[in-house]
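Q: Got a sequence here, can you model it:
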Amino acid sequence: MREIKFRQFVNGKWHYWGFNENGFTNPMIRDGSVISDFKEIEKNSQQYTGLKDKNGKEIYEGDILSYYGEDRHEVIFRSGTFCYKIREGEYQIFDEKNCEIIGNIYENPELLKN
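A: Down below sits the predicted model:
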């Protein structure tokens, strides 16, 4: 069973939270500070896919993946699975063993421009 974890980019910082055997964990930044406005949590939350890239880095929705240093794709959740968009209406499940996270849609949106 995969871990249920989320992240969110708020005011220039990543906040992380999830669920464990005791229930919901407090959303916090890696430095230990906590989000107190739960309305903010509902907006633009990105879920952990349960997968790691070829370097062992956790893959979340909104990450931008590179395959063999060439193709670039945003990780999305579609039709019950994590995948990436090839073109309008066409999606591909990704192979985490051959991909590398090179950025994300908030800090590096230029990576997705053609």
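
Q: Isn't K52 up against D63?
A: No - between K52 and D63 there is no contact under Cβ atoms under 8 Å: 11.0 Å. Every residue, glycine included, has its C-beta placed from N, CA and C.

Q: Neighbour count for the two, which is higher?
A: Using other Cβ atoms under 10 Å as the criterion, K52 and D63 rank with D63 on top: 26 against 15.

Q: need the contact list for that one.
A: By Cβ atoms under 8 Å, 6 or more residues apart in numbering, D63 lies in contact with E74, V75, I101, G103, N104.

Q: Spell out which residues sit in contact with the first one, please.
A: If you count contacts by Cβ under 8 Å, 6+ apart, E74 has them with G62, D63, I64, L65, Y84, K85, I105, L112.

Q: before we move on, which element is it in?
A: Using DSSP states H and E, E74 falls within strand 71-78.

Q: For that strand, what is the distance to the chain centroid?
A: 10 Å (Cα atoms, centre = their mean, to the nearest Å).

Q: buried stuff in it?
A: R72, H73, E74, V75, I76 (16 or more other Cβ atoms under 10 Å).

Q: Can you lay out those residues as CSV showing distance to Q46 and pLDDT?
A: Listed next are the buried residues of strand 71-78 as CSV, based on distance: Cβ to Cβ, whole Å; pLDDT from 0 to 100:
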residue, distance to Q46, pLDDT
R72, 17, 88
H73, 15, 89
E74, 11, 90
V75, 9, 92
I76, 10, 89
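
Q: ok, those vs G12, which is closest?
A: E74 (20.2 Å; Cβ to Cβ).

Q: ok, what's across the strand from the closest one?
A: E74 has these beta-bridge partners by DSSP bridges: I64.

Q: Flag every buried residue along the host helix or strand of Q47.
A: Assigned by DSSP H and E, Q47 falls within strand 46-52. For strand 46-52, the buried set under the neighbour-count rule, 16+ other Cβ under 10 Å, comprises Q46, Q47, Y48, T49, L51.

Q: quick one: strands adjacent to that strand?
A: Strand pairing (DSSP bridges) places strand 46-52 next to strand 4-10 (antiparallel), strand 58-60 (antiparallel).
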